[in-house]
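K.L.:
coords please:
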Amino acid sequence: MNKSLIAALVFAVSAPAVYAASVFSDAKDSVEYRQAALQLIRHNMADIGDMVKGEVTYDAERVIKRATALATLTTLPWDAFTIKGGDAKDDIWQNMADFQSRGKKLASDAAILHSAALSDNQADVRKAFGTFARNCKACHDKYKK
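P.N.:
Below is the predicted model:
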């Protein structure tokens, strides 16, 4: 039973990215998908950020929940950058290898943040979150209007 549940969860998490790569045939769909994914990343990131900064009480369970979401969400938007549009600079399509590399790095940073959250060590979470946030901002600085 557990193997079936795990297999179903793995499929559920990975299927959207595989499906996403094949469904974007117009800018509207592409932009809406990636903006939705990036908005969810922002929401989960902001919640952890508020806790790390001490603006709200640190809640280890909530950090794990948000970091788990980020570990999945950060894998989603990159396949939707097949068509120009939205707040994305044209530089993305001129430097697609760099842009995709930054997306993979963000997903890797999210996985490290998730591991730190599971360790329940606030110092590790703070450090991992700082790396995640800096890399997120650097990509925005370069590729977002």
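
K.L.:
helices of this protein, start to end?
P.N.:
Secondary structure of the chain, counting by DSSP state H: helices at 2-23, 27-52, 60-73, 91-94, 96-119, 122-143.

K.L.:
of these, give the one that comes closest to Ala80.
P.N.:
The minimum distance between Ala80 and the helices of the chain falls on helix 27-52, with 3.8 Å, by C-beta to C-beta. In short, each C-beta sits where N, CA and C put it, glycine included.

K.L.:
contacting residues around the nearest residue to Leu106 once chain neighbours are set aside?
P.N.:
Of all residues beyond its chain neighbours, the one nearest Leu106 is Thr74 (5.0 Å), with distances taken as C-beta to C-beta, 6 or more residues apart in numbering. If you count contacts by C-beta atoms under 8 Å, 6 or more residues apart in numbering, Thr74 has them with 41, 103, 106-107, 109-110.

K.L.:
pull the number of nearby residues for Gln39.
P.N.:
The number of residues packed around Gln39, counting by other C-beta atoms under 10 Å, is 12.

K.L.:
distance-wise, check it relative to Ala107.
P.N.:
Gln39 sits at a distance of 17 Å from Ala107 (criterion: C-beta to C-beta, to the nearest Å).

K.L.:
quick one, phi/psi of the residue nearest to Leu106?
P.N.:
Backbone geometry at Thr74, expressed as degrees, to the nearest 10, gives phi -70, psi -10.
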